[in-house]
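K.L.:
pasting the sequence and the predicted model now:
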Protein chains: 2
Amino acid sequence: MLVQDDEVVGAGFHPAVGEPHAEVFALRKAGDRARGATAYVTLEPCRHHGRTPPCTEALIRAGVRRVVVAALDPNPQVAGQGVARLRAAGLEVVLGVREPEALRQQAGFRALITRGRPWVVAKYAMTLDGKVAAHGEGNGAVSSTAARERTMMWRNELDALAVGAGTVQADNPALTTRGVPDGRDPRPVVFDRQARSDVQARVWREGAVLVTGLDAVATAYEGAGVTVLRAADLPGALHGLGQLGVSSLLLEGGPTLLSAFFAAGLVDEVRVFIAPKLLGAGLSPLTRPAQAMAAAQPLRDVTIEALGPDVLVTGLLSEIPRL
Amino acid sequence: MLVQDDEVVGAGFHPAVGEPHAEVFALRKAGDRARGATAYVTLEPCRHHGRTPPCTEALIRAGVRRVVVAALDPNPQVAGQGVARLRAAGLEVVLGVREPEALRQQAGFRALITRGRPWVVAKYAMTLDGKVAAHGEGNGAVSSTAARERTMMWRNELDALAVGAGTVQADNPALTTRGVPDGRDPRPVVFDRQARSDVQARVWREGAVLVTGLDAVATAYEGAGVTVLRAADLPGALHGLGQLGVSSLLLEGGPTLLSAFFAAGLVDEVRVFIAPKLLGAGLSPLTRPAQAMAAAQPLRDVTIEALGPDVLVTGLLSEIPRL
């Protein structure tokens, strides 16, 4: 966003990998009015020739006077050099303004660029006695309409959405984004070690990924246009998703998939809806590992929100990569 | 509380059954300044000769002009007659001011007088994956110091505190109120159908109640000064506690006791601490009944509070008896 005398003279966002960065769109809109303006950016401007030319040079050329940066770019090709270049050219640079919000927004990008794998967000809805479903039943509705609407916003925001073979078999979900204006669908990712899911299931739409074992027979899926990703274990699967460009993964599976990710230490963030009702017997969101209470994993940056009748608690299990 | 020209001229509270009511203390303090004053009372003034003389007459005699009442008294001997008497004597009466708060404060009194049994409050602390303890472990600390302090406030407020034989055996708890200035200890109530708990356990202090089966051998407890309450089932046990004058019972037991009360439909209110951490395998607060998600019991009057690092969610499963 470019601001001149308290007036926004240009704004932009980065639409997709390979497209111009937000700075370029904002500068185009501002035209001559960029001269002497202040630029507000969530991510440090790039200074390297990647898929697009460096934003530092565009800002300098346009005569921008001051750049306010929320967070540095962890990409080793930028990593403070963008800021250094702007300062060398005589621009004033302010760093770290609203950094926590920016980091959360950029968690996927940062995970992918520094660890080569997506940021993994586990989402589940449970009753106030900690049950995600009753025994011997499909996924009955645990939480409210408001919670489902919020989930749709997340589906729109995150790159991919993961479920296990059990969920595909039990619910045959479409895993699309519904009710979000101009919403986009996440890539469906099905973890199915034995590649036994019905090839006719609704989940196998364009962009779908089957994550399966190294020696599973998956020719039927390949024939149906599904990307088949073979991995020996979950870290390998996440690495493969990273190579497909998936920077953020929303886990919406049942206890089996959630527990596997959690036990492997691969959940980065959790978002939990708690419905104010009591069930009794039922399925727990996590069933492993077996460990002492003192070893339970604490969340950081916890948020608590009343959402319709429910409570939404979110928090991080990993640190968002900074630089 | 008595107010004259925006100044509090007298205040009081009802210290215990058989003692004078709050109105009497407030009138004593106000003396002549009660004339023309407004009285604010949480409960409708009594108009019958019970263990104490009627408060309506005291208010009228003192020349109080206006009475603001939060809630009517469900005692059939009062039940609106107190208000009627005041109005007949020419006093202005305003009803229902801050009634919800008053009802919650009086839940125990109201349950005992209308149903002959205590108001039952289930309290537990669980992780964000719904576990109250790890498997094969005693009660590890789930929640924070702030949550434990709040629990101590509740122990000070409620009449009695219930645990099961398993908790006595595993933890040998004292079940006292600690860290509350001028705090009082609740009566410890142990549900132990077979009367097998160690007679030397710390819980058997003055006022303790053993709730046991009709034919259990409990002479050792009787010899130790413990009140032995024999009941065929939980409703019978609660009725017996009501006869002992217990108007409110805080359930602090483990999943066995909690589940028994919940499955019998005998939990009136829940207070749940949720610690923002994930455990994995562990014990669930409730293990029965087995029922469909659609049959889960919704809470009413839900409150959500951030308490230290934890979230406290409370709500009612029964309606507080009004009149």
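P.N.:
Cool, the structure landed.
K.L.:
in the stretch 101-250 of chain A, which spans are strands?
P.N.:
Ranges of strands in the stretch 101-250 of chain A, per DSSP state E, counting those that start in this stretch, are A:119-127, A:160-164, A:187-191, A:209-212, A:227-230, A:248-251.
K.L.:
give me the low-pLDDT residue ranges for chain A?
P.N.:
Along chain A, segments meeting pLDDT under 70 span A:137-139.
K.L.:
quick one, helices of the stretch 101-250 of chain A?
P.N.:
A:107-115, A:145-157, A:165-171, A:219-223, A:234-243 (DSSP state H, counting those that start in this stretch).
K.L.:
hmm, back to that, now mean neighbour count and distance to B:Leu103 too, for the strands of the stretch 101-250 of chain A, in TSV please.
P.N.:
Where C-beta positions appear, they are placed from N, C-alpha and C, glycine not excepted. Formatted as TSV, the strands of the stretch 101-250 of chain A follow (neighbours: other Cβ atoms under 10 Å in any protein chain shown; distance: least, Cβ to Cβ, whole Å):
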stretch	mean neighbour count	distance to B:Leu103
strand A:119-127	25	25
strand A:160-164	26	45
strand A:187-191	26	49
strand A:209-212	24	54
strand A:227-230	17	58
strand A:248-251	26	42
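K.L.:
B:Thr256 is nearest to which of those?
P.N.:
Closest approach to B:Thr256 among those (Cβ to Cβ): strand A:119-127, 19.0 Å.
K.L.:
just give the number of residues close to the residue of the stretch 101-250 of chain A found nearest chain B.
P.N.:
Residue nearest to chain B within the stretch 101-250 of chain A: A:Gly130 (1.6 Å; Cβ to the nearest Cβ). Residues within reach of A:Gly130, counting by other Cβ atoms under 10 Å in any protein chain shown, total 29.
K.L.:
what residues does the stretch 51-200 of chain A put near chain B?
P.N.:
A:126-131, A:133-135, A:137, A:140-142 (Cβ under 8 Å from any Cβ of the partner chain).
K.L.:
mind checking which of the residues you listed are buried?
P.N.:
Buried subset of these (neighbour count, 16 or more other Cβ atoms under 10 Å in any protein chain shown): A:Met126, A:Thr127, A:Leu128, A:Asp129, A:Gly130, A:Lys131, A:Ala133, A:Ala134, A:Gly140, A:Val142.
K.L.:
got the contact list for the first one?
P.N.:
Right, the one you point to is A:Met126. Neighbour list for A:Met126: A:Val132, A:Val142, A:Val272, A:Phe273, A:Ile274, A:Ala275, A:Pro285, B:Gly130 [criterion: Cβ atoms under 8 Å, 6 or more residues apart in numbering or on different chains].
K.L.:
can you check the third one too?
P.N.:
Contact analysis of A:Leu128 by Cβ under 8 Å, 6+ apart lists A:Ile274, A:Ala275, A:Pro276, A:Lys277, A:Leu278, B:Val270, B:Val272, B:Leu299, B:Val313, B:Gly315.
K.L.:
what separation is there between it and A:Val311?
P.N.:
According to Cβ to Cβ, to the nearest Å, A:Leu128 stands 9 Å off from A:Val311.
K.L.:
need the residues touching each of these two.
P.N.:
Shared contacts of A:Leu128 and A:Val311, defined by Cβ under 8 Å, 6+ apart, are found at A:Ile274, A:Pro276, B:Val313.
K.L.:
how much space between A:Ala58 and chain B?
P.N.:
The gap separating A:Ala58 from chain B is 43 Å, by Cβ to the nearest Cβ, to the nearest Å.
K.L.:
quick revisit: just checking, the residue of the stretch 101-250 of chain A closest to chain B touches B:Val142?
P.N.:
No - judged on Cβ atoms under 8 Å, A:Gly130 makes no contact with B:Val142 at a distance of 11.7 Å.
K.L.:
what touches both of these two?
P.N.:
Shared contacts of A:Gly130 and B:Val142, defined by Cβ under 8 Å, 6+ apart, comprise B:Met126, B:Lys131.
K.L.:
ignoring the adjacent residues along the chain, who's closest to A:Leu234?
P.N.:
A:Ala264 (4.9 Å; Cβ to Cβ, 6 or more residues apart in numbering or on different chains).
K.L.:
so how many other residues sit close to the one you found?
P.N.:
When neighbours are defined as other Cβ under 10 Å, A:Ala264 has 13 of them.
K.L.:
tell me which helix or strand A:Val302 sits in.
P.N.:
Secondary structure from DSSP states H and E places A:Val302 in strand A:300-307.
K.L.:
contact partners of stretch A:179-189?
P.N.:
So stretch A:179-189 is contacted by A:149, A:152-153, A:155-156, A:158-163, A:175-177, A:203-205, A:207-209, A:211, A:241, A:246, A:249-250 (Cβ under 8 Å, 6+ apart).
K.L.:
so which bits of that stretch are buried?
P.N.:
A:Asp185, A:Pro186, A:Arg187, A:Pro188, A:Val189.
K.L.:
gap between the last one and B:Leu27?
P.N.:
Which is A:Val189. Relative to B:Leu27, A:Val189 is positioned 73 Å away (criterion: Cβ to Cβ).
K.L.:
which residue does the stretch 151-300 of chain A have closest to chain B?
P.N.:
A:Met293 (3.0 Å).
K.L.:
what sits against the closest residue to that residue other than its chain neighbours?
P.N.:
Closest residue to A:Met293 apart from its sequence neighbours, by Cβ to Cβ, 6+ apart: B:Gly140 at 3.0 Å. Neighbour list for B:Gly140: A:Ala292, A:Met293, A:Ala294, B:Ala133, B:Ala134 [criterion: Cβ under 8 Å, 6+ apart].
K.L.:
the fourth one - nearest residue in space that isn't next to it in sequence?
P.N.:
Nearest non-adjacent residue to B:Ala133, counting by Cβ to Cβ, 6+ apart: B:Leu283, 4.6 Å away.
K.L.:
that neighbour: how many residues sit nearby?
P.N.:
21.
K.L.:
the one 5 residues further on too?
P.N.:
When counting by other Cβ under 10 Å, one arrives at 16 neighbours for B:Arg288.
K.L.:
now do the same contact list for it.
P.N.:
Contacts of B:Arg288 (Cβ under 8 Å, 6+ apart): A:Gly280, A:Ala281, B:Ser259, B:Phe262, B:Ala263.
K.L.:
quick one: which two of those are the most distant?
P.N.:
A:Ala281 and B:Phe262 (10.7 Å).
K.L.:
who has more neighbours, these two?
P.N.:
B:Phe262 (26 against 18).
K.L.:
tell me which element that one is part of?
P.N.:
If you go by DSSP H and E, B:Phe262 is part of helix B:255-263.
K.L.:
also A:Arg87?
P.N.:
helix A:81-88.
K.L.:
contacting residues around that helix?
P.N.:
Helix A:81-88 is contacted from outside by A:44-48, A:54-56, A:59-60, A:67, A:69, A:72-73, A:93, A:95, using Cβ under 8 Å, 6+ apart.
K.L.:
now with 7 Å, please.
P.N.:
Residues from elsewhere that reach helix A:81-88 (Cβ atoms under 7 Å, 6 or more residues apart in numbering or on different chains): A:Glu44, A:Pro45, A:Cys46, A:Arg47, A:Thr56, A:Leu59, A:Val67, A:Val69, A:Leu72, A:Asp73, A:Val93, A:Leu95.
K.L.:
go on, stretch A:51-60?
P.N.:
So stretch A:51-60 is contacted by A:18, A:20-21, A:23-24, A:27, A:39, A:45-48, A:67, A:82, A:85-86, A:89, A:91 (Cβ under 7 Å, 6+ apart).
K.L.:
now the residue most central in space within chain A: how far from A:Leu161?
P.N.:
By Cα atoms, centre = their mean, chain A has its centre lying nearest to A:Ser248, at 3.2 Å. From A:Ser248 over to A:Leu161 the distance is 10 Å, taken as Cβ to Cβ.
K.L.:
one more: A:Gln200?
P.N.:
For A:Gln200, the distance to A:Leu161 equals 19 Å [Cβ to Cβ].
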